[in-house]
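> Quick check, what structure comes out for this input:
(chains A, B, C and D)
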Protein chains: 2
Amino acid sequence: MTSSAETEDELDDDLHVFDAPHQVDLGPLPSFPGYLFRQAQIRVYHGLNPIFAPYGIRPTQFGVLIMLKYNPGIRPSEVAAALGLKRANFVPLLDDLRRRGLAETLPRPEDRRSRAIYLTKEGLEMMVKVEATVQEYERSIMDRIDPEHTGILAEMVAKLSDT
Amino acid sequence: MTSSAETEDELDDDLHVFDAPHQVDLGPLPSFPGYLFRQAQIRVYHGLNPIFAPYGIRPTQFGVLIMLKYNPGIRPSEVAAALGLKRANFVPLLDDLRRRGLAETLPRPEDRRSRAIYLTKEGLEMMVKVEATVQEYERSIMDRIDPEHTGILAEMVAKLSDT
DNA sequence: TATTGTTATACTCTATAACTATA
DNA sequence: TATAGTTATAGAGTATAACAATA
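From the prediction side, this is the model:
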């Protein structure tokens, strides 16, 4: 390593992803709820990822861990259904959490097909820290978009839910 | 087709993805804008996918085609920046649209590194139809969540943008 | 030196079909 | 017969690093 300065390429690639696009016409997109929800989600997640990174988890895994914390002994299919994941996709996700010692599963005597999932001590300790940080970040988002509007947002989602 | 009934497995797998999760505690998730935006986006996209399916396009490609329709001769990097895509990821996406005869690129005399992208006649004809259908669907979403709230949603996204 | 488009690559998320062991 | 978990697989979406041509 003779301090070669050659391997540093692309120092900052697309840091300007959300720059005001010079003179671009977005057409009808800004009037579409689908576009607006997506843009909002992208922006919030961009702020969320650096928070999760130190813990080596992703938004989806955070959702799973929250489910485990608030529903000890929950079944895999229940976690998947609650978060809108396919059962099949939940398998490797849970495997990863178990391998990292954050979650564990126990047999379920009354139904030997199923499993009861729990957060481990390590998993719970991690979640206490992560949840506090996420809570803080989400609050900063709420402050930005006006707390009253957060209620309206929840209302919108509810209305999109009932069939 | 001797009416074999064996190959029909998993007739409906997770059609109940968004059922009311029996007794599951979502913890603090419903109070997080990040969670709410994501749930909203998932629900809207689930309605959007069947609309795009007949045309063989996906939401991201629709966004690109909209950009091309309203910005004839736009550059690849501009499309990517406007939609929050990485330049590198835009390449195969544009290749696909060209291969299917929906878009074409022309050299750009003033900057020979770049390209000018246009919708083809076929691309434009398709977009006229798709855009009308999407417009109709997005309106049905707006009706559900209350038109006034759509304005608030746009406001929220705008507030998440500046910085 | 910096930028545009490009290649290569990898990881996450999502989706479908089909298998197993139980019920 | 139906359900819970599982395996295998494939396609999008997203991310980073590095290169050639051009500015």
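> Leaving aside the residues adjacent along the chain, what's closest to residue A:107?
Once flanking residues are discounted, residue A:107 sits nearest to residue A:115: 6.9 Å by C-beta to C-beta, 6 or more residues apart in numbering or on different chains. (Each C-beta comes from the backbone N, C-alpha and C, glycine too.)
> What residues does the one you found make contact with?
By C-beta atoms under 8 Å, 6 or more residues apart in numbering or on different chains, the contact set of residue A:115 is A:75-76, A:105-108.
> go on, residue A:94?
Residue A:94 sits next to A:64, A:76, A:103, A:105, A:117 when contact means C-beta under 8 Å, 6+ apart.
> What does the pLDDT read for the residue lying closest to the third one once chain neighbours are set aside?
I take that to be residue A:103. Nearest residue to residue A:103, sequence neighbours excluded (C-beta to C-beta, 6+ apart): residue A:97, at 4.1 Å. On the pLDDT scale, residue A:97 is placed at 97.
> Work out for me the element residue A:97 sits within.
Remark: residue A:97 resides in helix A:87-99, with elements defined by DSSP states H and E.
> List the residue ranges of chain A that fall below the pLDDT cut-off.
For chain A, applying pLDDT under 70 flags the ranges A:1-22, A:162-163.
> Would you mind getting the angle between the helix of greatest length in it and helix A:87-99?
Secondary structure of chain A per DSSP state H: the longest helix is helix A:121-145. Here helix A:121-145 runs at an angle of 120 degrees relative to helix A:87-99 (axes from the mean of the first three to the mean of the last three C-alpha atoms, to 10 degrees).
> what ranges do the helices span in chain A?
So, for chain A - with DSSP H - the helices run A:33-52, A:59-70, A:76-83, A:87-99, A:121-145, A:147-161.
> Please produce a markdown table containing those, extended by distance to residue B:125.
As requested, the helices of chain A are exported to a markdown table (distance: least, C-beta to C-beta, whole Å):
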| stretch | distance to residue B:125 |
| --- | --- |
| helix A:33-52 | 23 |
| helix A:59-70 | 39 |
| helix A:76-83 | 40 |
| helix A:87-99 | 37 |
| helix A:121-145 | 39 |
| helix A:147-161 | 32 |
